[in-house]
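Peer 1: Test case, fold it:
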Amino acid sequence: VLSSKDMVKIRGMSKAFGEFKPFEVLFAGKYDVEVSMFWTNEIHDVRLKCRPDVVDFEQDIVIDIKTEGRSASPDSFSKALMNYDYHISCALTKAGYKATTGRDLKAYIFAVIEVDEPHCCAAYAADSEVFELGDFYLNKYVAKYGDFLKRDHWPSYTESIHQIGLPAWGKSQLKYGDEE
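Peer 2: Predicted coordinates:
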């Protein structure tokens, strides 16, 4: 259930999103929303899927809508791109688009809106380095997953007993001689 405060925030975000000029251009054409794409990675015999937010099949563009809790600035969003593995998502979507349409993706656009007022917006096109790093990790993870499937072996964190201790913040709570 949404609170009235949340509803006000959502309406403000929607208004800011709709008034941001670059988004008007991006969403001016014909597009499909939440398109599911399924394919098989032939090298590793692994079924894959993706579901981009918005796809413009006429222009071969994918738009990924992101809300940003801190800032939609270039510095902040490039950090979020790495922290949340958006580069891998770009690579996965690019692979899925090619596999399902037979065409190369011309652009992967992040449509970013800040959660807090004044709900600043930004539009960023993923560059070649984003795809290069994303492709590297996607290929690595698909190969690993394919190997797990083939061997039907799903390794855990450790294969033996390891000693574990408190995290750094937990150690700071140790109080020797304190009777409380």
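Peer 1: When you work out contacts or count neighbours from here on, use the C-alpha atoms and nothing else.
Peer 2: Noted.
Peer 1: Is V55 part of a helix or strand, or is it coil?
Peer 2: Under DSSP: H, G, I helix; E, B strand; the rest coil, V55 falls in the strand class.
Peer 1: and it, how many residues sit next to it?
Peer 2: By other C-alpha atoms under 10 Å, the residues close to V55 number 22.
Peer 1: Residues touching the helix of greatest length in the chain, excluding its own?
Peer 2: If you go by DSSP state H, the chain has its longest helix at helix 128-151. Contacts of helix 128-151 from elsewhere in the structure, counted by C-alpha atoms under 8 Å, 6 or more residues apart in numbering, are H44, D45, V46, H87, I88, S89, C90, A91, L92, W154.
Peer 1: most neighbours, which of those?
Peer 2: C90 (28 neighbours).
Peer 1: Please identify which helix or strand holds it.
Peer 2: C90 belongs to helix 86-101 when assigned by DSSP states H and E.
Peer 1: helices or strands up against that helix?
Peer 2: Contact here means 3 or more C-alpha pairs under 8 Å, 6 or more residues apart in numbering; DSSP states H and E; on that basis helix 86-101 packs against strand 37-41, strand 46-50, helix 128-151.
Peer 1: Figure out which of the ones you listed is closest to K30.
Peer 2: strand 37-41 (18.3 Å; C-alpha to C-alpha).
Peer 1: Sheet partners, orientation included, of the closest one?
Peer 2: strand 46-50 (antiparallel) (DSSP bridges).
Peer 1: What's the mean pLDDT across the partner strand?
Peer 2: Here the mean pLDDT over strand 46-50 is 97, rounded to a whole number.
Peer 1: so how far is it off the chain centroid?
Peer 2: Its chain's average C-alpha position is 16 Å from that of strand 46-50, according to C-alpha atoms, centre = their mean, to the nearest Å.
Peer 1: Could you pull up the residues touching the residue nearest the centre of the chain?
Peer 2: Nearest residue to the geometric centre of the chain (C-alpha atoms, centre = their mean): Y86, 3.6 Å. Residues in contact with Y86 (C-alpha under 8 Å, 6+ apart) are A80.
Peer 1: How about the contacts made by S71?
Peer 2: F77, E114.
Peer 1: Return the distance of it relative to S3.
Peer 2: Distance of S71 to S3, computed by C-alpha to C-alpha, to the nearest Å: 24 Å.
Peer 1: what stretches of the chain score poorly on pLDDT?
Peer 2: Counting by pLDDT under 70, the ranges of the chain that qualify are 175-180.
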